[in-house]
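>>> predicted coordinates and the sequence they were generated for:
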Amino acid sequence: MAVHIDPEGNEIEALQRIGDWRGNRVIEIGCGDGRLTLRLAGLGAVVHAIDPDAEAIRMARKNRPKKFARRIRYRVGQAEHLEQREASFDLAVFSWVL
């Protein structure tokens, strides 16, 4: 049985209300399998997505559409040990992680 998350599109609608994502550099902390990452990239963001679970990152990379290859970068990592400087991103997303 397939699982459909947010078939009504409420999540995308909420993200669109926040503002214009196009061209913004976004760090997504706790990206898991990349479900939200794909939505952010679909809104035009350039996403650097991290998660401490190597298997989740492997699946996210496997499921990344080729059209997003230049807009999504997945990496195994933790928020406590970011390699990027604080000012490297326009927005940070920390959703469904706790």
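Structure received. Residues are numbered from 1 along each chain as shown.

>>> was I right about Glu93 contacting Gly32?
No, residue 93 isn't Glu; it's Val. No: between Val93 and Gly32 there is no contact under C-beta atoms under 8 Å: 11.9 Å. Quick note: C-beta positions are derived from backbone N, CA and C, even for glycine.

>>> so between these two, which is more surrounded?
Between Val93 and Gly32, counted using other C-beta atoms under 10 Å, the more crowded position is Val93 (22 against 18).

>>> and the nearest residue to that one once chain neighbours are set aside, what element?
Ranked by C-beta to C-beta, 6 or more residues apart in numbering and with sequence neighbours excluded, the top spatial neighbour of Val93 is Glu28, at 4.5 Å. For Glu28, the element it lies in under DSSP states H and E is strand 25-29.

>>> repeat that for Tyr74.
Counting by DSSP H and E, Tyr74 is part of strand 72-76.

>>> any idea of the mean pLDDT for that strand?
Mean pLDDT, strand 72-76: 96.

>>> and it, which strands flank it?
strand 46-51 (parallel) (DSSP bridges).

>>> and Leu43, what does it touch?
Residues near Leu43 by C-beta atoms under 8 Å, 6 or more residues apart in numbering: Ile12, Leu15, Gln16, Trp21, Arg22.

>>> need the max-distance pair from these.
Ile12 and Arg22 (14.1 Å; C-beta to C-beta).

>>> more neighbours, those two?
Ile12 (15 against 9).

>>> tally of neighbours for the nearest residue to Thr37 once chain neighbours are set aside?
Once flanking residues are discounted, Thr37 sits nearest to Ala49: 4.5 Å by C-beta to C-beta, 6+ apart. Residues near Ala49, counting by other C-beta under 10 Å, number 27.

>>> tell me how far Ala49 lies from Pro7.
23 Å (C-beta to C-beta, to the nearest Å).

>>> low-confidence regions, this protein specifically.
1-4, 84-87, 96, 98 (pLDDT under 70).

>>> closest to the centroid, which residue in it?
Among the residues of the chain, the one closest to the centroid is Thr37, at 2.5 Å (C-alpha atoms, centre = their mean).

>>> hang on, isn't it packed against Ile72?
Yes: the criterion here is C-beta under 8 Å, and Thr37 meets it with Ile72 at 5.8 Å.
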